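Enquirer: Turn this into a model:
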Amino acid sequence: MITKKQNINLPRDSIMLHARELCLTWPVAALILAWSMTWQASAQATTLDTASFNSDALLAPAIPVLHPDQVLLETVTLAGPRLVAGGEHGVIIVSDDDGANWRQVNTPVDVTINQIRFADARTGWAVGEFGVVLKTQDGGLTWSKQLDGVQAAQLMLSSAQQIAAANPTDPIAAKRVRHATLFVNDGPDKPFFLEQIFDAQHVRIYGAYGMVFETLDGGAHWADWSSNVGDPGYLHLYGLVEQLGTILIAGEQGVLLSGPENGPIKPMSASPYQGSFFGVLRSPLEGLVAYGLQGSVFESKDFGATWTQAGNPSQSTINCATLTTDGQVLIGDWDGNVSLVNGTKVVSTGTNAGFPIADMLEAPDQSLILVGISGVKRLKRDAWQTGMMGPKN
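Expert: Predicted coordinates for the structure are as follows:
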């Protein structure tokens, strides 16, 4: 997250990139806004050394925390039966008792972790701010850095220059060179949001301004893959689903892209929504469910060809969704509400986390794990299923 970069000498295009990221990256945007109000006065008199700040964050390990399950967390997932969550300042925590107790593990960076996903019970990746990519091979107990924003920007520029040299009259190729040059000049401040794990060797990661990288050897080498994704205006990419070798990606400003898993991935002909989608998932009961700003929920039964909006009495931004073991779709919003996507409408479960929900999932014991600004909240099965007992309409 760009929280301390204020440089009046940035090129106009670069300023626009930073302003958009500050406004639209979630869910810590509200915290950043509150912090910036107190910091603004001193920022007018002082220009921070962004390169130094980023280098410090990339080189320093996560700070040990007395109560790590109470820090701001962005993501939670499963590594076999183990729960693994991550968030601010590189904090990653694990639980081996369905979320009842948590402990912090060592991580090599002091930057926010945006998503953690696993290929199997032992092999997984974490992605986050400043272009950080971490890998674990022991179920989340230890982590090593494989990629950061400095390396990513250089890889993007090298790839863009090679493509432009081979296609000297292609305006898109020239545009990608300019875009990658901005990345290099800006320093490592662009985040990754999203992972697509094919197996323990093949992984693809997506981030701000259309960044896409891929590894075919478990992360020993990463390559820029963004040229395989159509040019949607370099928007942030937040959510992804797969079906029978076809990918659908949802993101900022209602962008929807689709194509074969090996590319090319192209913008779809129409989107049902002009606001940002913060995720999409596939349900055996509901089909595709895309969600985002102002309580917006859309369903598609034909993998994105057509969409129907689900009625939602709440206009609170939806940050996350999860699929329960019985195939139901739960969504979590900025007001802390947990709701059920029930046919063509959204129904409250009567459950509230007490804080904005950044991510959630159902643990192996069927408790519901919610993470966000206040850390972790664990709800036993009976507590969160009370509002889901009625017949499906």
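
Enquirer: for the helix or strand hosting residue 178, what is the average pLDDT?
Expert: In this structure, residue 178 sits in helix 171-186 according to DSSP states H and E. For helix 171-186, mean pLDDT rounds to 91.

Enquirer: buried sites along it?
Expert: 173, 176-177, 179-184, 186 (16 or more other CB atoms under 10 Å). C-beta here means a position set from N, CA and C on the backbone, and glycine is covered the same way.

Enquirer: pLDDT below threshold where in this structure?
Expert: Under the criterion pLDDT under 70, the flagged ranges of the chain are 1-55, 231-232, 386-393.

Enquirer: Apply 80 and report the result again.
Expert: 1-56, 231-233, 383-393 (pLDDT under 80).

Enquirer: Mind splitting it into its structural domains?
Expert: Following automatic domain parsing, one gets these domains for the chain: 73-228, 237-383.

Enquirer: Switch those domains over to TSV; also include distance to residue 59.
Expert: Formatted as TSV, those follow (distance: least, CB to CB, whole Å):
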stretch	distance to residue 59
domain 73-228	8
domain 237-383	26
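
Enquirer: Those domains: which one's closest to residue 57?
Expert: domain 73-228 (4.8 Å; CB to CB).

Enquirer: what's the span of that closest one, first residue to last?
Expert: Domain 73-228 stretches 32 Å from its first residue to its last (CA to CA, to the nearest Å).

Enquirer: Relative to residue 188, how far out is residue 359?
Expert: From residue 359 across to residue 188, the span is 24 Å (CB to CB, to the nearest Å).

Enquirer: Show me which of the buried residues of helix 171-186 is closest to residue 140.
Expert: Distances from residue 140 to the buried residues of helix 171-186, taken by CB to CB, are shortest for residue 183, at 29.5 Å.

Enquirer: Give me the nearest residue to that closest one, chain neighbours excluded.
Expert: residue 153 (4.0 Å; CB to CB, 6 or more residues apart in numbering).

Enquirer: Quick check: the one you found touching residue 160?
Expert: No. Judged on CB atoms under 8 Å, residue 153 makes no contact with residue 160 at a distance of 10.5 Å.

Enquirer: The residue positioned nearest the centre of the chain: what's it in contact with?
Expert: Central residue of the chain (CA atoms, centre = their mean): residue 193, 2.9 Å from the mean position. By CB atoms under 8 Å, 6 or more residues apart in numbering, residue 193 lies in contact with 114-115, 127, 206-208, 236-238.

Enquirer: and residue 150, what are its phi and psi?
Expert: Here is the backbone geometry of residue 150 (degrees, to the nearest 10): phi -70, psi -50.

Enquirer: Can you name the residues that contact it?
Expert: So residue 150 contacts 54, 58, 131, 187-188 (CB under 8 Å, 6+ apart).

Enquirer: quick check, nearest of those to residue 266?
Expert: residue 131 (24.8 Å).

Enquirer: Would you check how far apart the nearest residue to that closest one once chain neighbours are set aside and residue 189 are?
Expert: Using CB to CB, 6+ apart and skipping residues adjacent in sequence, the residue nearest residue 131 is residue 149, 2.9 Å away. Relative to residue 189, residue 149 is positioned 6 Å away (CB to CB).
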